[in-house]
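**Q** Sequence and computational prediction follow.
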Amino acid sequence: MRPLVLSGLALALVATAGAAGYWAGDRDLTKIPGNPLPEILALLGARPVVAEVMVDLAKVTKPAGPVIYYRDPDGRPAYSAVPQQTDDGRAFITVRASEDVSFDLPAAIAGADTAPPPSAEAPATRRIVYYRNPMGLPDTSPVPKKDSMGMDYIPVYEGTDDGGSIVRIAPGRLQQTGVRTEAAVRQAVLRPVVVPGTVELDERLVTVVTTRADAFVEETADVTTGDRVKAGQPLLRFYSPEITTAGAQYVTELKADAGSRRLGGARQRLENLGVPAAAIAEIERTRKAPLTVTWTAPRDGIVLERYAVDGMMAAAGDVLFRVADISRVWVLADVPEYELGTVRPGAPATVRVRSHPDVRFDGKVSVIYPQVSMQTRTTRVRIALANPKGLLLPNMYADVEIATGNDKAVVAVPDSAVIDTGTRQVVIIDRGEGRFEPREVKVGLRGAGMVEIRDGIAEGDRVVVAANFLIDAESNLKAALSVLTAPEAAR
C-alpha cells in the first residue's frame, strides 16, 4: 500500500511541477539569477530532493529507443505489440523504451525511511565483476551495455553473494516464476507394480476320479463338464471282476469268522483297490458281494473333464473325471525382470478381473518362481486368493497391483523436487531470504509421487518443488561465470 501512495504522491508532484514550470516559463522566470523554480516548488510544499528531481523532469527530451508497444490513445488499459487502431479509427500511441513506466520510485524520492540502511560495504565501494542481462538470459558483459529493449544490464558486485553455489533471487522474480517449496518429510515410500496375470487352479485342490482295476462302466450319472458337485455325490457305476472277487472273499471271511471276528486280508484288498468305505460297509451289512460298485465325487468342486461313457471299458488308472475345488485359486502374475528386486514374498497384492471391475480381491505374494522366461524376460509370482463366491474362474485375465517398497519411514520429497541430469540427482534447498542452494542427493525408491532421499538432505529441509529448473539454470550460469571471471580476478 505504501508504494502505491508514494507513486500517487510522485505523480501529483510531477503535475504540480509541470504547472509550475509552465507558469515560470510563461513569465520568463527561468532567466532570473539563481533559478527560482526550486524555491517556488518549495513554497508549494515539495521536499528539496523532490524539487531537484522535478527540475530534471522539466527538461523534457524527445522519446528515444526502439518501440516496445502501443497503447490506447484515451488511456484505457489496452495495449498492442503491433500498430493498431481504435474502433473509431484513431491510431494507438507509440511507446518507446525511454517512455516506459516504472512503478519503482527513485531512492531520493522514496526517502530515507523507505531506503535500505547503508551498508558498510556499499556497492559503490566494491568492484563490479561483470554485468548480467536484466531479463535473466545467459548473457553477460564486462562493460555496461543495454539489451535490445534498451534496458541497462545489471551490475554484479564482488562479494554480493554468499559464495559457493548459493543463488540469490529477488522476491518479485520468485513470485513471477512461480517458485514453490515444501518440507522434506519422513514416511514410507510404497510403489505399486502393475502387471498382468491369469487365474489358475490351486494344484492342491484338483482331484482325478479313476479305478485301480479294470472295469466296465455300467452307468454314468447326469453330470457333465462344468457342473458343480458335492463330496459323496454319485458319478458312475461300474463292474470290476477284480473288485467283485475281492468282495466275495470278504463275504466268505465274514461268514467263516463270524464268531471269532478274525478276518483275513480281503478287506485290506478292497481298500487297496479304492473301494469306498460306504461300499465296504454295505458288504458287511448284507453279507453279499456286489456285482457293481458306485463311484462318488471325492470333493466339492466343478467337473473340469468327463471321460466316462456308458458301456466303456476303463483300464486301471484311466481318468474318468477331473474335479477341482475353486473356493481357493491362484493368480500367476508376470513380473518384469527389472522389477524383481522390489517384489518380496508376503507383499500385499490387489487383483481385479474384467468381468467384475468393481470387485477387488486382496491377497499376498506367496511364491516367486525361481526362473525367468527366455521369451518375455518375466518371472511368475503366485498370489493365493479366496474365492468363496466362485467369481474367479480358471484362465481368466487379471490386472495385478503389487505393493512394493519398504514399510520403514524414510526421508522423502515430491517427485518434482528432484532434478535428474542423467549422471546425478539434485534438489534445490530453500535457505530463506531468497537464497537457494543446489545440493546433490542419493535417491532410493520412488512411489505415490514421492522419492526416497538416502543422503543429502534431512527431514524438515525445504526443497523447491516448482520452477526448480529455473533456479538450477541460474546456478549453472553462476558456476560458469565464476570460472570465466576467475582469471580476470587474478589479474
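**A** Cool, the structure landed.
**Q** give me every residue that touches residue 302.
**A** Residues near residue 302 by C-beta atoms under 8 Å, 6 or more residues apart in numbering: 226-229, 323-324, 326. For glycine as for every other residue, the C-beta is placed from the backbone atoms N, C-alpha and C.
**Q** let's see it at 6 Å
**A** Contacts for residue 302 (C-beta atoms under 6 Å, 6 or more residues apart in numbering) come out as residue 228.
**Q** What strand or helix carries it?
**A** Per DSSP states H and E, residue 302 falls inside strand 301-306.
**Q** Relative to the whole chain's centre, how far out is that strand?
**A** Put simply, strand 301-306 sits 45 Å off its chain's centre (C-alpha atoms, centre = their mean, to the nearest Å).
**Q** Check stretch 299-315 too.
**A** For stretch 299-315, the distance to the chain centre is 53 Å (C-alpha atoms, centre = their mean).
**Q** do the same with stretch 187-202
**A** Using C-alpha atoms, centre = their mean, the offset of stretch 187-202 from its chain centre is 17 Å.
**Q** Mean confidence (pLDDT) on that stretch, please.
**A** Averaged over stretch 187-202, pLDDT sits at 89.
**Q** May I see the buried residues of that stretch?
**A** For stretch 187-202, burial by neighbour count (16 or more other C-beta atoms under 10 Å) applies to 188-193, 195, 197-202.
**Q** returning to that earlier point: CA atoms only: put the strand holding residue 302 into CSV for me.
**A** Written as CSV, here are the backbone C-alpha positions of strand 301-306 (Å, rounded to 0.1, in the frame of the first residue of the first chain):
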residue,chain,number,x,y,z
GLY,A,301,-15.9,-78.6,-6.8
ILE,A,302,-16.6,-78.3,-10.5
VAL,A,303,-16.2,-81.0,-13.1
LEU,A,304,-13.3,-80.0,-15.3
GLU,A,305,-13.3,-83.0,-17.6
ARG,A,306,-15.6,-86.1,-18.0
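**Q** Parallel or antiparallel, list what pairs with it.
**A** strand 228-229 (antiparallel), strand 319-324 (antiparallel) (DSSP bridges).
**Q** Quick one: name whatever helix or strand follows that strand.
**A** Heading C-terminal from strand 301-306 (DSSP H and E), you reach strand 313-314.
**Q** contacts for that next one?
**A** Applying C-beta under 6 Å, 6+ apart, the external contacts of strand 313-314 come out as 211, 215-216.
**Q** What separation do you get for residue 239 and residue 156?
**A** 106 Å (C-beta to C-beta, to the nearest Å).
**Q** no wait, residue 236
**A** 96 Å.
**Q** same check, this time on residue 372
**A** Using C-beta to C-beta, residue 372 is found at 58 Å from residue 156.
**Q** quick one: secondary structure of residue 409?
**A** Counting by DSSP: H, G, I helix; E, B strand; the rest coil, the backbone at residue 409 sits in strand.
**Q** Would you mind confirming that it is in contact with residue 188?
**A** Yes. Counting by C-beta atoms under 6 Å, residue 409 does reach residue 188; the two are 5.5 Å apart.
**Q** What residues sit buried inside the strand holding residue 302?
**A** So for strand 301-306, counting by 16+ other C-beta under 10 Å, buried means 301-304, 306.
**Q** TSV please, covering those and showing distance to residue 332 and pLDDT.
**A** As requested, the buried residues of strand 301-306 are exported to TSV (distance: C-beta to C-beta, whole Å; pLDDT from 0 to 100):
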residue	distance to residue 332	pLDDT
301	20	91
302	20	92
303	23	94
304	18	92
306	26	94
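**Q** Out of the residues you listed, which is nearest to residue 449?
**A** Set against residue 449, the nearest of the buried residues of strand 301-306 by C-beta to C-beta is residue 302 (43.7 Å).
**Q** what is the closest one paired to in the beta sheet?
**A** Residues in a beta bridge with residue 302, per DSSP bridges, are residue 228, residue 324.
**Q** Residue 235 reaches residue 294, doesn't it?
**A** No. With contacts counted by C-beta under 6 Å, residue 235 stays clear of residue 294, the gap being 8.3 Å.
**Q** Which one of these two is surrounded by more residues?
**A** residue 235 (20 against 17; other C-beta atoms under 10 Å).
**Q** Count the residues that sit near residue 295.
**A** Using other C-beta under 10 Å, residue 295 has 25 other residues around it.
**Q** Can you classify it by secondary structure?
**A** strand.
**Q** what separates it from residue 284, distance-wise?
**A** Look at residue 295 and residue 284: by C-beta to C-beta, they are 19 Å apart.
**Q** and residue 271, that's in a helix?
**A** Yes. Counting by three-state DSSP, residue 271 is part of a helix.
**Q** these two touch, right, residue 426 and residue 418?
**A** No. Assessed by C-beta under 6 Å, residue 426 is found out of contact with residue 418, at 7.4 Å.
**Q** Next SSE downstream of the helix or strand harbouring residue 363?
**A** If you go by DSSP H and E, residue 363 is part of strand 356-368. Note on strand 356-368: by DSSP H and E, the next helix or strand toward the C-terminus is strand 378-386.
**Q** what are the pairing partners of that next one, and which direction each?
**A** Strand 378-386 pairs in its sheet with strand 328-336 (antiparallel), strand 356-368 (antiparallel), by DSSP bridges.
**Q** one step back: residue 236 and residue 156: which has the busier surroundings?
**A** residue 236 (26 against 17).
**Q** did I read that right, the more buried one in a strand?
**A** Yes. Counting by three-state DSSP, residue 236 is found in a strand.
**Q** From residue 292, how far off is the closest residue in space to it that isn't next to it in sequence?
**A** Spatially, and ignoring its direct neighbours in sequence, residue 236 is nearest to residue 220 (4.5 Å; C-beta to C-beta, 6 or more residues apart in numbering). From residue 220 across to residue 292, the span is 12 Å (C-beta to C-beta).
**Q** which of the two has more neighbours?
**A** A direct count of neighbours by other C-beta under 10 Å for residue 220 and residue 292 places residue 220 higher, at 22 against 18.
**Q** So for the more buried one, what's the pLDDT?
**A** Looking at residue 220, the pLDDT reads 93.
**Q** what does residue 320 give?
**A** With respect to pLDDT, residue 320 scores 94.
**Q** any idea how far it is from residue 285?
**A** Per C-beta to C-beta, residue 320 is found 27 Å from residue 285.
**Q** got it, and residue 359?
**A** The value you get for residue 359 to residue 285, if C-beta to C-beta is used, is 49 Å.
**Q** neighbour-wise, which of the two wins?
**A** Between residue 359 and residue 285, residue 359 has the larger neighbour count (other C-beta under 10 Å), namely 12 against 8.
**Q** Wasn't residue 70 part of a helix?
**A** No. Applying three-state DSSP, one finds residue 70 to be strand, outside a helix.
**Q** Surely it touches residue 92?
**A** Yes. When contacts are counted by C-beta under 6 Å, residue 70 is listed as touching residue 92 (3.8 Å).
**Q** what residues does stretch 63-70 touch?
**A** 79-81, 84, 92, 94-99, 149-150.
**Q** nearest to residue 127, of those residues?
**A** Using C-beta to C-beta, the contacts of stretch 63-70 come closest to residue 127 at residue 150, 26.2 Å.
**Q** my guess is that closest one meets residue 97, correct?
**A** Yes. Using C-beta under 6 Å, residue 150 is in contact with residue 97, at 3.2 Å.
**Q** which of those two has more neighbours?
**A** The neighbour comparison of residue 150 against residue 97 (other C-beta under 10 Å) goes to residue 97, with 17 against 14.
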